[in-house]
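# Predicted structure and sequence below. I'll ask about it afterward.
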Amino acid sequence: MNAPRRRNDPAIYEELAGSWWEPRGSFAMLAWIARARAALVPAPARRGSVLVDLACGGGLMAPYVAAKGYRHVGVDTSPSALGTAVAHGLLGVRGDVAAVPLPDACAAVVCAGEILEHVENLEGTVAEICRLLAPGGVVVIDTIADTLRARLIAVSLAERIPGGAPRGIHDPALFVDRSALQTAFARRGVELSLNGLRPCLSDALAYLAHRREEVRMLPTRSTAVLFQAVGTKAAPG
């Protein structure tokens, strides 16, 4: 008898490699969140500025990043996901988010979408994000809060509905302490502002009834489940 799979197993992404761009596939909600994330990315100071997309997956942000005029560099550990991302126009880099093989201060923007709730070394990942950011650069994050409400909604509910998270993809022990996240960034010169994010209920009902292919993600005051964070790296001195 096979042992039960541990939660947060990276092999899940390889098994679902063909689902990245399916409107009703296992990563549908990641596509909805990617659109909301992209809305927080500022216009580049100059065309061709680098945006580093940590844990880029299949490159779901590609259309939005290209439209804004960034050079889109995607970092991921999954070879299948990177292959899909490259096919959608990214420059792919194989690497871990806590040890990114890119130079210091190379990025005008770093996006860390739906990854911080998967890392065991949160402090090291924050350090890498800040290392990659040029002074004046912007970090854009979305992740899951370390709360009982998040455990109930993101695991007990979302892993059981169409368009929600794949079964077993999250380990609630890794969900993110919001205060600790802000403190870790502040120590490195980045003040984060937070807002919550939730699916539009009418869109979600229409999606479940097969009357709509995408669900809008809306900002909300509560950061107790899914939240976004944005900050700018201070210039030295």
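Okay, I see it.
# gap between Ala105 and Val119?
22 Å (CB to CB, to the nearest Å). To be clear about C-beta, it is placed using only N, CA and C from the backbone, and glycine gets the same treatment.
# and what of Ala158?
19 Å.
# So for the lowest-mean-pLDDT helix or strand in the chain, what gets flagged as buried?
Sorted by mean pLDDT, DSSP states H and E, the helices and strands of the chain end with helix 11-15, the least confident at a mean of 85. Across helix 11-15, burial judged by 16 or more other CB atoms under 10 Å covers 12-13.
# So which other helices or strands are in contact with it?
Where contact means 3 or more CB pairs under 8 Å, 6 or more residues apart in numbering; DSSP states H and E, helix 11-15 is packed against helix 79-87.
# Quick one: list the elements packing against the helix it packs on.
Short answer (3+ CB pairs under 8 Å, 6+ apart): helix 79-87 packs on helix 11-15, strand 71-76, strand 91-94.
# need the ones you listed in a markdown table with distance to Ser26, can you?
Below are the helices and strands packed on helix 79-87 laid out as a markdown table (distance: least, CB to CB, whole Å):
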| stretch | distance to Ser26 |
| --- | --- |
| helix 11-15 | 9 |
| strand 71-76 | 16 |
| strand 91-94 | 21 |
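# what are the phi and psi angles of Gly231?
phi -150, psi 160 (degrees, to the nearest 10).
# again, but for Gly59
phi 80, psi 40.
# For it, which non-adjacent residue is spatially closest?
Ala85 (3.2 Å; CB to CB, 6 or more residues apart in numbering).
# now Leu102
Leu132 (6.1 Å).
# ok, that neighbour - contacts?
Leu132 makes contact with 52, 100, 102, 104-107, 110 under the criterion CB atoms under 8 Å, 6 or more residues apart in numbering.
# May I see those arranged in CSV, with distance to Ile141 as well?
Formatted as CSV, these follow (distance: CB to CB, whole Å):
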residue, distance to Ile141
Val52, 13
Val100, 15
Leu102, 18
Asp104, 20
Ala105, 19
Cys106, 18
Ala107, 14
Val110, 9
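# Would you point out which residue is most central in this structure?
By CA atoms, centre = their mean, the chain has its centre lying nearest to Gly113, at 1.1 Å.
# isn't that one right next to Ile129, touching?
No - applying CB atoms under 8 Å, one finds Gly113 not in contact with Ile129, separated by 11.9 Å.
# joint contacts of those two?
Listed as contacting both Gly113 and Ile129 by CB under 8 Å, 6+ apart are Leu54.
# what sits against Val176?
Contacts of Val176 (CB under 8 Å, 6+ apart): 116-117, 122, 143-146.
# So for Ala105 and Val119, which sits in the more crowded spot?
Val119 (21 against 14; other CB atoms under 10 Å).
# give the contact list for that one.
Neighbouring residues of Val119 by CB under 8 Å, 6+ apart: 97-98, 125, 174.
# Of these, just say which sits nearest to Ser193.
Thr125 (19.2 Å; CB to CB).
# Assign a three-state SS to that closest one, would you?
Using DSSP: H, G, I helix; E, B strand; the rest coil, the structure places Thr125 in helix.
# just checking, it touches Val110?
No - here Thr125 lies out of contact with Val110, judged by CB under 8 Å, at a distance of 10.7 Å.
# Give me the more crowded residue out of the two.
Shown here are Thr125 and Val110; by other CB under 10 Å, Val110 has more neighbours (29 against 23).
# Let me see the contact set for that one.
Here Val110 is in contact with 51-52, 54, 129, 132-133, 137-140 (CB under 8 Å, 6+ apart).
# As TSV, the residues you listed with distance to His72 and secondary structure would be great.
Output for these, formatted as TSV (distance: CB to CB, whole Å; DSSP: H, G, I helix; E, B strand; the rest coil):
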residue	distance to His72	secondary structure
Leu51	6	strand
Val52	9	strand
Leu54	12	strand
Ile129	17	helix
Leu132	14	helix
Leu133	16	strand
Gly137	15	strand
Val138	15	strand
Val139	16	strand
Val140	13	strand
